[in-house]
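> pasting a predicted model and its sequence here:
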Amino acid sequence: MEALEQMYSYNWNGEIKSYLDQVDISSYQHMWIGRFGGSILHGAHKNENACLILTGADWELAVIMGAQHTVESAAFIADSLMLRQRKIIETLDEDTSSAMKKFDSFLMSMFNSVRFRSTAAKVNGNSSCLISVRKAGYLYWLSVGNNALFLLPPSTAHTSSVQMNQQHRSGLIGADNTFDQEVPAYNMGIIPLSKGRNSILLTTAGLQRFPVSPYKNPSRVQRAFTKSESMPRFLHRLLTNAQSAGAAESITLIGWDIHI
């Protein structure tokens, strides 16, 4: 019970509030959530995105999802994780080496289980899903679909890659479930974080798909971050640029800074 009492969680999807024609930047614990439901004038009429956040003493779990047809598939993934929150907490509260190995096994077990797959087959639509965990000095991710994960250095002089995951349009979770395939389409990784400030960003694919989006190039995401004074100002800059360009697709962001 002690671990549950120390954990904080946030769960949202576009049916709860759509944010059509609205840019919203909200804080949750030390993390920031940015949402823009799309421009009604340019065709937006619903928001099929979702996100989930869990936090512990030395870790954060952030999940971002972009569904198709309805938000049902994204909500199903979030609900499946929340039903297993005790196991998630117990796993991530272990020492770092054990936690990272066990959490990856936990996700594979859940996604490949008969119960999960049979229920997913009944939902309306499919969803991309990006799951990221910062535990102590490490960052882990598992990515299905075309959401994006960025690890942003404080200046453009940093030469390493800022986008961590590979994006795939073919792999999704839902009625047409990648985990029903002989070889599921997903990618995962884990990297050590640098000493000092590390800035983490998760985004749905809408950020890179609005008309003339500069953010198809990860270096432009890095440039926008460098020009911003803080994480909330950075998220606001990304979303207001999308709004000004008439983005019809919903965009959801999760960002936070962590010092190692």
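On my side now, so go ahead.
> only C-alpha atoms for contact and neighbour calcs from this point on.
Noted.
> SS state for L235?
helix (DSSP: H, G, I helix; E, B strand; the rest coil).
> list the contacts for it?
I25, G34, L253, G255 (Cα atoms under 8 Å, 6 or more residues apart in numbering).
> the strand or helix carrying the third one pairs with which strands, parallel or anti?
Following DSSP states H and E, the helix or strand that holds L253 is strand 251-259. Partner strands for strand 251-259, per DSSP bridges, with pairing direction: strand 31-36 (antiparallel), strand 197-203 (antiparallel).
> helices or strands up against the helix or strand just after the longest one?
Heading C-terminal from strand 197-203, the first helix or strand you meet, by DSSP H and E, is helix 206-209. Identification of packing neighbours for helix 206-209 by 3 or more Cα pairs under 8 Å, 6 or more residues apart in numbering; DSSP states H and E yields helix 231-244, strand 251-259.
> most packed of the ones you listed?
A comparison of the helices and strands packed on helix 206-209 by mean neighbour count, using mean count of other Cα atoms under 10 Å, puts strand 251-259 on top with a mean of 23.
> what comes into contact with that one?
Contacts for strand 251-259 (Cα under 8 Å, 6+ apart): 30-38, 49-51, 62, 64, 195-207, 231, 235, 239.
> what's the pLDDT at E2?
Listed pLDDT for E2 reads 38.
> oh, I was asking about S155
For S155, pLDDT reads 65.
> what of A136?
At A136, pLDDT is 97.
> then the one 10 residues further on?
The confidence metric pLDDT takes the value 93 at N146.
> list the contacts of the closest residue to it other than its chain neighbours.
Leaving aside its sequence neighbours, N146 sits nearest to Q167 (Cα to Cα, 6 or more residues apart in numbering; 4.3 Å). The contact partners of Q167, taken as Cα under 8 Å, 6+ apart, are S143, V144, G145, N146, N147, A148.
> could you report the neighbour count for the last one?
Residue crowding around A148 was assessed by other Cα atoms under 10 Å; the count is 23.
> doesn't V162 make contact with it?
No: A148 lies out of contact with V162 (Cα atoms under 8 Å); the separation is 10.4 Å.
> need the helices for the protein, in chain order.
2-6, 72-83, 85-92, 96-112, 114-120, 206-209, 218-227, 231-244 (DSSP state H).
> could you dump the longest one to PDB, C-alpha only?
This file holds the C-alpha atoms of helix 96-112, laid out as PDB (Å, rounded to 0.1, in the frame of the first residue of the first chain):
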ATOM      1  CA  THR A  96      17.400   0.300 -11.800                       C
ATOM      2  CA  SER A  97      18.900  -2.700 -13.600                       C
ATOM      3  CA  SER A  98      16.100  -5.000 -12.400                       C
ATOM      4  CA  ALA A  99      13.300  -2.500 -13.000                       C
ATOM      5  CA  MET A 100      14.300  -1.900 -16.700                       C
ATOM      6  CA  LYS A 101      14.600  -5.600 -17.500                       C
ATOM      7  CA  LYS A 102      11.400  -6.500 -15.700                       C
ATOM      8  CA  PHE A 103       9.300  -3.600 -17.100                       C
ATOM      9  CA  ASP A 104      10.200  -4.600 -20.700                       C
ATOM     10  CA  SER A 105       9.200  -8.200 -20.000                       C
ATOM     11  CA  PHE A 106       6.000  -6.900 -18.300                       C
ATOM     12  CA  LEU A 107       5.000  -5.000 -21.400                       C
ATOM     13  CA  MET A 108       5.700  -7.900 -23.800                       C
ATOM     14  CA  SER A 109       3.700 -10.200 -21.500                       C
ATOM     15  CA  MET A 110       0.700  -7.800 -21.500                       C
ATOM     16  CA  PHE A 111       0.700  -7.000 -25.200                       C
ATOM     17  CA  ASN A 112       1.100 -10.700 -26.200                       C
END
